[in-house]
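J.: Take this sequence and fold it.
(2 chains)
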Amino acid sequence: MGKYIIKKFILLIITLIITSFILFLIFELVPGDPVLDKLGTRATPETIAALRSQWGLDRPFFVRYFSFLGGVFTLDFGVSYTYGMNVSSLLKEKLFINLALSVMSLLIVIVVSVPLGIYLAKHTGGFADKLMGPVNQTAMSVPSFVLGLFITFLFGIVFRWFRPGGYVSYKTDFAGFLYFLIFPSVAIAIPKIAMCIRILRGNILEEAEKDYALTAYARGNNTTGLLYRHVLKNAIMPTITFIGMIAADMIGSGIVIEQVFSIPGLGQMLVNSISSRDYPVVEAEVLMIALFIMAVSFLTDMIHAMIDPRVRV
Amino acid sequence: MNKLKLTNQKKAGIIIIICMILFVLLGFINRNPFDLMNKDLILKGPSLLHPFGCDDFGRDILKRTQSGLGISVLISFFSVFIGTVFGTLIGALCGYFGGIVDDFLSSIIDVLFSIPSLLLALVFVSLFGSGIVQETLALGIAIIPSFSKMMRSEFKKQKELEYVKMAKLIHVPTYRILFVHILPNVTETFVNCIFIAFNNCILAEAGLSFMGIGVKPPLATLGTLLSEAGGYIRSAPYMVLFPALTLILLLLGFGMLSSGESFHNAYSKRFKN
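T.: Below is the predicted model:
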């Protein structure tokens, strides 16, 4: 197990280095000079040189790359071009908000889809199963920001369960913050729940047809025992991989959903910094998101190894 | 070759998509211009003359939905085209030749594969700037990793098969082996990939324009309409309803065609060991 963890961890570091290098290179190759953009008509050779050295753009490419890469570990990504502030202090709060949002919707997905998927697999062909087919297909097709709009209308305006646009900061009222996040989380979670249920149900049915299941059945297990003692252990593996993947997707849906619920998270910041071409902020944000995705896939691998000893070899 | 069986679900998907195309084409005989502002009609609800109602500038929402849907589909079409051509090419070369170039490229593709396509498109929009051409390009590039990953594994599997070895033996040129011999044998994955990519593209495009970094006004896509409507959800909920339903129907159509799969689960399903 220890060896496996180390192997995966080294792989994680290598991926991180490759990603950060590609990212840095891309922004390096963009036409246009942020220094000239910022100075505009005030650009003289002296001011250009001054700003360049202030932003550290006069250093060679690899020096700047390594300081960027080092930023991942020291949480120092330099200074934002537009705000003039330290990038990491700008990002810290937003990251927390998005992380909370993702974790919450992930929890909702797991809590709802796993029992429902198992139930539907157990009662294949029943009424609920027949009903879920089209419902699932439709739920999968609704983009989460559209769901967010519907939820705002239904629960915010008709039922008045929350105030639309009334985001509560986690610093002033943590419970209120969590309560407000429930609604966007549900909007993110619903399409993913539909996908998850379909995958879990499909995997259980597929595993149940294999020889070992038949043998276990012949030995006198009933359906429930067969399902929980034998089939589920094998069927849950692809589902865990899939949940890891949707966790990565959640950050993506999260940045759109923020706009619907006016949550001041990464998405708004990303859009602002993209339109003002504030590259240090964009780079740092994208790298943080990539890091989050890698961490999730690392965790997925670990859970795999814990459940299934075959993976560790 | 002809292995594509049409299930009822796929037939329903095709019917939905044909209806959506007709809906866009009907826009040409709808004589309300999509950008005409009329202050007498501001936030007027649905009526016979304006079945979807009018927006905050008194523009006809039906016409805006039709033209918006058209633009969304056009952008997605060209993006999918770019993604398909380059994705297949990269996937085919990596899968077929293998070696160090493959190792290098596929490690990059693996990383990009796990990043949501909306996010990738966002990065590229930040590089190219916003606008209809830039957005198409950004979305197109964003699909390449997923596409090439799928195609790479297919080509890798096919190259071990007897017919490819035979073709090599009688000196069939490599490009012919790749695109005349192997490609028709992976049609199923290929077509499925195209539909998934289309679905992703429409979703990402709607997301981008919803965040206000898609096409520039006065042009509007479905995402723009929805984000404009979001501000009036209290007083004019119909502004959200009709574009949202259109978008959902379109995605439902493509979802049915690709049997509701995403790249991730299509990949894991096909290449389980």
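J.: Now do the contacts for residue 181.
T.: Picking chain A for this. A:100-101, A:104, A:263 (C-beta atoms under 8 Å, 6 or more residues apart in numbering or on different chains). Backbone N, C-alpha and C define where each C-beta goes, glycine included.
J.: wait, I meant chain B there
T.: Counting by C-beta under 8 Å, 6+ apart, residue B:181 has contacts B:163-164, B:167, B:172.
J.: try it again with 6 Å
T.: residue B:167 (C-beta atoms under 6 Å, 6 or more residues apart in numbering or on different chains).
J.: Same question for residue B:68.
T.: So, once contact is read as C-beta under 6 Å, 6+ apart, residue B:68 ends up touching B:220-222, B:225.
J.: Chain A: which of those residues is nearest?
T.: residue B:222 (9.4 Å; C-beta to the nearest C-beta).
J.: in the worst-scoring helix or strand of chain A on mean pLDDT, what's buried?
T.: Between all helices and strands in chain A, the lowest mean by mean pLDDT, DSSP states H and E belongs to helix A:34-39, at a mean of 72. Using 16 or more other C-beta atoms under 10 Å in any protein chain shown as the burial criterion, the residues of helix A:34-39 that qualify are A:34-35, A:38.
J.: rewinding a little: which pair in the contacts of residue A:181 spans the largest distance?
T.: Maximum pairwise distance among these (C-beta to C-beta): 12.1 Å, between A:104 and A:263.
J.: Among those two, which residue is more densely surrounded?
T.: Between residue A:104 and residue A:263, residue A:263 has the larger neighbour count (other C-beta atoms under 10 Å in any protein chain shown), namely 24 against 19.
J.: Who are the packing partners of the following helix or strand past the least confident helix or strand of chain A?
T.: Once the chain leaves helix A:34-39, the next helix or strand it forms, by DSSP states H and E, is helix A:45-54. Here helix A:45-54 touches helix A:34-39, going by 3 or more C-beta pairs under 6 Å, 6 or more residues apart in numbering or on different chains; DSSP states H and E.
J.: Kindly export the helix it packs on (C-alpha atoms) in CSV.
T.: Provided in CSV are the C-alpha atoms of helix A:34-39 (Å, rounded to 0.1, in the frame of the first residue of the first chain):
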residue,chain,number,x,y,z
PRO,A,34,0.4,43.6,-20.3
VAL,A,35,2.8,46.4,-19.4
LEU,A,36,1.8,48.4,-22.5
ASP,A,37,-1.8,47.7,-21.8
LYS,A,38,-1.6,49.0,-18.3
LEU,A,39,0.4,52.1,-19.0
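J.: List the contacts of it.
T.: Residues contacting helix A:34-39 (C-beta under 6 Å, 6+ apart): A:43, A:47-48, A:51-52, A:81.
J.: Same check on stretch B:16-26?
T.: B:66, B:69-70, B:250, B:253.
J.: Check stretch A:154-162 too.
T.: With C-beta under 6 Å, 6+ apart, stretch A:154-162 has contacts from A:164, A:183, B:234.
J.: again with stretch B:219-237
T.: Stretch B:219-237 is contacted from outside by A:149, A:153, A:157, B:43, B:64, B:68, B:71-72, B:206, B:209-210, B:214-215, B:239-240, B:243, B:247, using C-beta under 6 Å, 6+ apart.
J.: Quick one: mean pLDDT over it.
T.: Stretch B:219-237 shows an average pLDDT of 85 in the prediction.
J.: what do you get for stretch A:282-295?
T.: 84.
J.: if we can go back for a sec, from the contacts of stretch B:16-26, which single one is nearest residue B:96?
T.: Out of those, the member with the shortest distance to residue B:96 (by C-beta to C-beta) is residue B:253, at 33.8 Å.
J.: residues in the stretch 1-150 of chain A within reach of chain B, list them.
T.: A:15, A:19, A:30, A:137, A:140-143, A:145-146, A:149 (C-beta under 6 Å from any C-beta of the partner chain).
J.: now the helices: where do they sit in the chain?
T.: Using chain A here. A:2-29, A:34-39, A:45-54, A:61-74, A:87-122, A:127-141, A:144-151, A:174-208, A:211-218, A:223-226, A:232-261, A:266-275, A:279-307, A:309-312 (DSSP state H).
J.: Not quite, go with chain B.
T.: B:8-26, B:61-97, B:99-114, B:117-128, B:132-159, B:162-169, B:174-176, B:187-210, B:222-230, B:238-257, B:263-270.
J.: Reformat those helices as a markdown table; add distance to residue A:86.
T.: Converted to a markdown table, the helices of chain B look like this (distance: least, C-beta to C-beta, whole Å):
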| stretch | distance to residue A:86 |
| --- | --- |
| helix B:8-26 | 48 |
| helix B:61-97 | 37 |
| helix B:99-114 | 27 |
| helix B:117-128 | 21 |
| helix B:132-159 | 29 |
| helix B:162-169 | 56 |
| helix B:174-176 | 53 |
| helix B:187-210 | 29 |
| helix B:222-230 | 31 |
| helix B:238-257 | 39 |
| helix B:263-270 | 36 |
